[in-house]
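**Q** heads up, no residue letters with this:
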């Protein structure tokens with residue numbers, strides 16, 4: 001999606017090949033992908049402006065002026081914001097590992113229905129607990 005202006009629509013709708021190049025479908029009968037007719041319809045009818053707005057609102061992409069002599073704006077990825085989001089996503093998935101799930105401490109109990117000494121089994125709440133009480137661990 002960060003490459004909407006280049007080849008991101010193809011990549012989002014059709015995926016990528018073994019070389020990580022977005023698949024461009026020739027037509028609705030292109031059998032390199034499953035359900036090519038649905039993929040073509042999605043790419044043709046998707047509200048791409050809404051996806052772009054979502055990325056802008058999230059601060060993942062920004063519009064930058066073309067410079068002193070250029071009147072056109074260009075889209076630029078906010079790398080710090082993107083790396084932060086990717087790191088949070090990885091940590092979120094790591095919280096699915098039972099061996100590192102946090103145990104609610106006495107001073108934090110109760111925590112979203114968990115009592116002191118309970119292991120927070122829900123990975124979303126486990127990450128919230130760490131962020132709320134031990135952000136330095138991240």
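**A** Arrived safely, thanks for sending. Keep in mind that this is a model prediction, so the values were computed, not measured.

**Q** Contact partners for residue 48?
**A** Applying Cβ atoms under 8 Å, 6 or more residues apart in numbering to residue 48 gives the contacts 4, 9. Where you see a C-beta, it was placed from the backbone N, CA and C, and this is true even at glycine.

**Q** at 10 Å instead, please
**A** Neighbouring residues of residue 48 by Cβ atoms under 10 Å, 6 or more residues apart in numbering: 1, 4, 5, 8, 9, 12.

**Q** which non-adjacent residue is nearest residue 23?
**A** residue 14 (4.0 Å; Cβ to Cβ, 6 or more residues apart in numbering).

**Q** Stretch 90-101: end-to-end distance?
**A** When the termini of stretch 90-101 are compared using Cα to Cα, to the nearest Å, they are 15 Å apart.

**Q** Could you list the low-pLDDT ranges of this structure?
**A** Residues of the chain meeting the criterion pLDDT under 70: 66-71.

**Q** where exactly do the strands run in it?
**A** Here the chain has its strands, by DSSP state E, at 61-65, 73-77.
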